[in-house]
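1. Sequence first, predicted coordinates after that:
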Amino acid sequence: MSKSLSVFAAGATVLVLGGAYYLADSLVEKGGTADQTVTFVAGTEPAAEEKVETAAAGPETAVAAVQTVAAGMAKPVAAEGGAASLEGAGGDADYADEGFMPSGKLGLGREALPEEIAAWNIDVAPYDKGLPPGQGSVADGEEIFAEKCAMCHGDFGEGVDRWPVLAGGQGTLTADRPVKTIGSYWPYFSTVWDYVHRAMPFGNARSLTNDEVYAIAAYLLYVNDLVDEDFVLNQDNFASIHLPNENGFYMDDRDKVEYPVFRREPCMTNCKGEVKIVMRARVVDVTPEDAVARKRAEEAAKKAAMKAREGAGAATPAAAPAPAAPAEESKAAPAAETKPMETASAAADPALVKKGEKVFKKCKSCHAVGPGAKNKVGPELNGLIGRPVGSIEGFRYSKGMKALHDAGKVWDEAFFAEFIKNPKGTVKGTKMSFRGLKKDSDVEALIAYLKQF
């Protein structure tokens, strides 16, 4: 194996070349000339030659350009023309005083075994370079992700607390608050596989098998709407995966394009004599407000309040004057008249709504309700009860939801209750991997809460 190395030697710099150890400055100082060649002849197993060309660069520094054909240790001997050479592998005492490192191995390490190299050589480059054999399905990946990843990244890659969001965000890169995910920002899918393989799960890195990494990667493609639910990822179809933002990245050419345009010699004359700090950012409060978003939220809140008042007025029409009645009938009449009000009160029981709000915490990582609600990992749920299934514009629904929409299915209370108890069992292929609410009381409370929006 041929290697080339340039060394700036100063003092007692040690060069280590494939097992040969020596002092670089000693090679220069021993000859005493500005230009000389020192030849190293190694032993016969393996036969090799090392050539060191040195040039003195002053009393304290030297430049050694080293070309090594094979590693070996040698012994200094006299050579014609005053040049020095190293030959064989004699005893250390023969030339210890000459300034050279001793011959033979010093017990510093060994050659790496093939299996050790393979254990470290795990990087996967675009598109499938370095990818190991294996396969994994979306279905398997969902189970593994729920067990080993969802505690940080959420069931659908929506992110928990401050942990990274992995799904969604398409079309947000030009927004004020871009959501950078695998589906919206990452350029190469090989980065996903490589990172999960070498660094995940958090706190237990390198514990996943290759098949488990394939399965998790397949599931991450699925939650980003890039493959169907029956997709199986393997080393053969890996290179066919292209993320949406692949062409959003290019080589950094600012040194050629921008630097020549903006480069100017700095002004070093007429500098200001004194610079004073007149105000600090924390006092000025320079953080800008999103006035447009605030105004929209306020208008939506007003409309919702007006709609609620109009609904309350329609639910309690003024009663027409009734003719006089016997005393016994008049006593019974108030009870009959208040019965509808009692029913309405029960439908909007504040305690039930409050309980539903707590239940909704299981949903809010993926869904939003209320003024200004927007689609997240799942669609916004304003006006859910009574609206057609799969009808939110701009949201990418699963095939199962699209089929129900085409069939005219509506989210009534009965269907929602069935779905929320067992999402995957109710709608085949739904992206909602939530395992469902087990208690009927929680379902009732959640419906009561959602009906407020």
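-> Done, it's in.

2. which residues touch M200?
-> 148-149, 208, 216 (C-beta atoms under 8 Å, 6 or more residues apart in numbering). Placement of C-beta: from N, CA and C, glycine included.

3. so of those, which ones are in helices?
-> Taking DSSP state H, the ones among those that sit in helices are 148, 216.

4. possible to save the contacts of M200 as a markdown table with pLDDT?
-> Formatted as a markdown table, the contacts of M200 follow (pLDDT from 0 to 100):
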| residue | pLDDT |
| --- | --- |
| K148 | 92 |
| C149 | 94 |
| L208 | 96 |
| I216 | 97 |
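
5. Report the two members of the contacts of M200 separated by the largest distance.
-> For these, the maximum inter-member distance is 10.0 Å, found between C149 and L208 (C-beta to C-beta).

6. Show me the common contact partners of these two, please.
-> Joint contacts of C149 and L208 (C-beta under 8 Å, 6+ apart) are 200-201, 216.

7. and which of those is nearest to F238?
-> So of those, ranked by how close each gets to F238 (C-beta to C-beta), first place is I216, at 13.6 Å.

8. Would you check that that closest one makes contact with V196?
-> Yes: counting by C-beta atoms under 8 Å, I216 does reach V196; the two are 5.7 Å apart.

9. Quick check: neighbours shared by the two?
-> With C-beta under 8 Å, 6+ apart as the test, I216 and V196 both reach L208.

10. Any stretches of the protein with poor pLDDT?
-> Low-confidence segments of the chain (pLDDT under 70): 1-105, 281-294, 311-347, 433, 435.

11. Strands along that one, start to end?
-> When assigned using DSSP state E, the strands of the chain occupy the ranges 3-10, 14-17, 20-23, 35-44, 47-56, 61-68, 76-78, 84-87, 135-137, 232-234.

12. Each with direction, which strands does the last one pair with?
-> It stands for strand 232-234. Note on strand 232-234: by DSSP bridges, its sheet partners are strand 135-137 (antiparallel).

13. Would you agree G436 is in contact with P423?
-> Yes: using C-beta under 8 Å, G436 is in contact with P423, at 5.9 Å.

14. So for the two, which sits in the more crowded spot?
-> P423 (18 against 15; other C-beta atoms under 10 Å).

15. Tell me how far the more buried one lies from M401.
-> 11 Å (C-beta to C-beta, to the nearest Å).

16. what sits in contact with each of the two?
-> Common contacts of P423 and M401 (C-beta under 8 Å, 6+ apart): T430.

17. Next, count neighbours for P132.
-> Applying other C-beta under 10 Å, I find that P132 has 14 neighbouring residues.

18. For the remainder of this discussion, apply numbering that starts at 9.
-> Fine by me, first position is 9 from now on; the one you just mentioned is P140.

19. Wait, it touches F246, no?
-> No: contact criterion C-beta under 8 Å: P140 and F246 do not qualify, at 10.6 Å.

20. re earlier: between I224 and V204, tell me which one has more neighbours.
-> I224 (26 against 19).

21. if I look at the closest residue to that one other than its chain neighbours, how far off is V221?
-> For I224, ignoring the flanking residues on the chain, the nearest one in space by C-beta to C-beta, 6 or more residues apart in numbering is G149 at 4.9 Å. Separation of G149 from V221 (C-beta to C-beta): 9 Å.

22. ok, the closest residue in space to E388 that isn't next to it in sequence - contacts?
-> The spatially closest residue to E388, leaving aside those adjacent along the chain, is A381, at 4.0 Å (C-beta to C-beta, 6+ apart). Going by C-beta under 8 Å, 6+ apart, A381 touches 388-390, 461.

23. Around F164, how many other residues sit close by?
-> 26.

24. Please disregard the earlier target; I meant I249.
-> I249 - counted by other C-beta under 10 Å - has 21 other residues nearby.

25. these two touch, right, it and F197?
-> Yes: if you go by C-beta under 8 Å, I249 and F197 touch, sitting 4.5 Å apart.

26. Between those two, which contacts overlap?
-> Residues touching both I249 and F197 by C-beta under 8 Å, 6+ apart: 135, 229.

27. and K372, how far is that from G391?
-> Distance, K372 to G391, using C-beta to C-beta: 17 Å.

28. Ok, H205 next?
-> H205 is 44 Å from G391, by C-beta to C-beta.

29. Is A356 in contact with I455, as I believe?
-> No: A356 lies out of contact with I455 (C-beta under 8 Å); the separation is 11.5 Å.

30. Next one: the residue lying closest to I130 once chain neighbours are set aside relative to R317, how far apart?
-> Distances taken as C-beta to C-beta, 6+ apart place R206 nearest to I130, at 6.0 Å, with adjacent residues excluded. Per C-beta to C-beta, R206 is found 58 Å from R317.

31. quick one on the thing from earlier: max pairwise distance over the contacts of A381: which two?
-> Using C-beta to C-beta, the contacts of A381 span at most 9.2 Å, a distance reached by E388 and F461.

32. Quick check: neighbours shared by those two?
-> With C-beta under 8 Å, 6+ apart, E388 and F461 have common neighbours 377, 381.

33. Just give the number of residues close to T277.
-> Applying other C-beta under 10 Å, we find 4 residues neighbouring T277.

34. Tell me who's in contact with it.
-> Applying C-beta under 8 Å, 6+ apart to T277 gives no contacts.

35. Looks like S399 contacts K410 (just checking).
-> No: applying C-beta under 8 Å as the test, S399 and K410 come out as separate, 10.5 Å apart.

36. Name the residues that touch stretch 453-461?
-> The contact list for stretch 453-461 (C-beta under 8 Å, 6+ apart) reads 312, 355-357, 360-361, 363-368, 371, 377-378, 381, 389-393, 421, 424-425, 428, 445.

37. Weed out the non-buried ones from the residues you listed.
-> Using 16 or more other C-beta atoms under 10 Å as the burial test, the contacts of stretch 453-461 include 360-361, 363-365, 367-368, 371, 377, 389-390, 392-393, 424-425, 428, 445 as buried.

38. What is the neighbour count of the closest residue to A356 other than its chain neighbours?
-> Among residues not flanking A356 along the chain, A456 sits closest, at 7.1 Å (C-beta to C-beta, 6+ apart). A456: 24 surrounding residues under other C-beta under 10 Å.

39. For A456, give its distance to E421.
-> Counting by C-beta to C-beta, the gap from A456 to E421 is 10 Å.

40. Look up how far P186 lies from T277.
-> T277 is 43 Å from P186, by C-beta to C-beta.

41. I should have written E365 there, sorry.
-> Taking C-beta to C-beta, one finds E365 at 30 Å from P186.

42. Equivalent analysis for W128, please.
-> For W128, the distance to P186 equals 35 Å [C-beta to C-beta].

43. who's more crowded, the two?
-> Neighbour count, other C-beta under 10 Å: between W128 and P186, P186 has more, with 13 against 8.

44. Could you list which residues are in contact with that one?
-> By C-beta under 8 Å, 6+ apart, the contact set of P186 is 177, 180, 192-193.

45. These: which two are farthest apart?
-> T180 and Y193 (9.0 Å).

46. Looking at those two, which has the bigger crowd around it?
-> Remark: of T180 and Y193, Y193 carries more neighbours, 18 against 15, as counted by other C-beta under 10 Å.
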